[in-house]
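[1] please find the sequence and the predicted model below.
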Amino acid sequence: MMGMGIIIFLLVGLAAGFLAGKIMGRSQDLITNLVVGVIGALIGGFIADTLRIGFGGLIGSIVISTLGAVILLYLLRILKK
């Protein structure tokens, strides 16, 4: 059953990367969405844990991951300039 957790994590990352791309006005391919979403999940999880913000369930995970991915894309945009 551990494999199912990894699949869910990757699907959440994919959804978060896709949503963050739409929010930031970027069009990305599938792999880029996945990478951005997974890194965003780590960033969002760290921030939520630090601020002691808890969202439960799948929707909460997508929200936190998307926020982290938006932060990642924003920082990358600043560094590119």
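    That came in fine, so what should we check first?
[2] so in the protein, where's the weakest helix or strand by average pLDDT?
    Considering only helices and strands, the least confidently modelled element of the chain by mean pLDDT, DSSP states H and E is helix 2-23, at a mean of 88.
[3] now do that helix: which elements does it pack against?
    Identification of packing neighbours for helix 2-23 by 3 or more CB pairs under 8 Å, 6 or more residues apart in numbering; DSSP states H and E yields helix 30-50, helix 57-80. Using the backbone N, CA and C atoms, a C-beta is placed for each residue, glycine as well.
[4] including mean neighbour count, mean pLDDT and distance to residue 14, could those helices go into TSV?
    Formatted as TSV, the helices and strands packed on helix 2-23 follow (neighbours: other CB atoms under 10 Å; pLDDT from 0 to 100; distance: least, CB to CB, whole Å):
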stretch	mean neighbour count	mean pLDDT	distance to residue 14
helix 30-50	18	92	5
helix 57-80	17	92	10
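[5] among those helices, which is nearest residue 12?
    Comparing these by their distance to residue 12 (CB to CB), the top pick is helix 57-80, with 5.1 Å.
[6] one step back: wait, which of the helices and strands packed on helix 2-23 is closest to residue 15?
    Across these (criterion: CB to CB), the nearest stretch is helix 57-80, sitting at 5.4 Å.
[7] centre of the chain to that closest one, how far?
    Here helix 57-80 shows a centroid-to-chain-centroid distance of 5 Å under the convention CA atoms, centre = their mean, to the nearest Å.
[8] now do residue 64 against residue 39, distance only.
    For residue 64, the distance to residue 39 under the criterion CB to CB, to the nearest Å works out to 13 Å.
[9] what does residue 69 give?
    When CB to CB is the yardstick, residue 69 and residue 39 sit 7 Å from each other.
[10] got it, and residue 18?
    Here residue 18 is placed at a distance of 14 Å from residue 39 (CB to CB).
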